[in-house]
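Peer 1: quick one, fold the following:
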Amino acid sequence: MHASVPYAHDGIALQHPATWEVSHDGPDLADGNQRQVHLSGPGEALILLSFEAIVPGLPGIEAHAAEQAQMRSDMLADSAQDMPSEQIEPGPTHTTPLSRRTPQGQEVRGQAQRMAYSARGVQRELHVHFFARDFGATRIILMGQALSDHAPPMQAALEQVVDTLHYRETS
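Peer 2: Residues are numbered from 1 along each chain as shown. Here you go, the predicted structure:
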């Protein structure tokens, strides 16, 4: 068993492997609206927690994962067009359902995606896992991503975060 590190700030508490570090906790770096927590791991592996208000009609984790897969596919297509020398070729995305029972007995549903692509003739596969946990009026979307060679440690770190995550609103 690897050493765990506790993290607690502004209503959130979790544990993550000692080889990972919290690299951001604050407003979304892209739009500045919702809170995000970023954990950085080996080989550019990433775990991202996004906080959103639970409102009627909020899509489930399946719709969120599908939207993210489309965004990644569009980004690769744009990169292929903008940087022809990189020879980027998007490939298919395969999605499978995930289910995890936390130590507290809560069933947490998710989605696993594998996206194949090539760059400069080198085949790559990106592994992305999504889970969602609801805490009162807040849903936390957890996303972990890593290239194939770092996927197993990312999956283990994400499972640890899912299992130990606690949240209470502070405002």
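
Peer 1: in the lowest-mean-pLDDT helix or strand in the chain, what's buried?
Peer 2: None of the helices or strands of the chain scores lower by mean pLDDT, DSSP states H and E than helix 61-82, at a mean of 83. For helix 61-82, the neighbour count (16 or more other CB atoms under 10 Å) marks 61, 64, 65, 66, 68, 69, 72, 73, 76, 80 as buried. Where C-beta positions appear, they are placed from N, C-alpha and C, glycine not excepted.

Peer 1: with stretch 23-35 instead?
Peer 2: Across stretch 23-35, burial judged by 16+ other CB under 10 Å covers residue 35.

Peer 1: can you show me the CA trace of it as CSV?
Peer 2: Output of stretch 23-35 as CSV, limited to C-alpha atoms (Å, rounded to 0.1, in the frame of the first residue of the first chain):
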residue,chain,number,x,y,z
SER,A,23,-1.8,21.8,-8.1
HIS,A,24,-4.9,24.0,-8.1
ASP,A,25,-7.9,24.7,-5.8
GLY,A,26,-10.0,27.6,-6.9
PRO,A,27,-12.1,29.0,-9.8
ASP,A,28,-12.1,27.1,-13.1
LEU,A,29,-9.0,28.2,-15.0
ALA,A,30,-10.9,28.3,-18.3
ASP,A,31,-14.0,30.4,-17.3
GLY,A,32,-13.5,31.4,-13.6
ASN,A,33,-17.0,30.3,-12.6
GLN,A,34,-17.1,27.0,-10.9
ARG,A,35,-14.6,25.7,-8.3
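
Peer 1: identify the residues contacting that stretch?
Peer 2: Outside stretch 23-35, the residues within contact range by CB atoms under 8 Å, 6 or more residues apart in numbering are 9, 10, 12, 36, 37, 38, 39, 40, 50, 51, 52.
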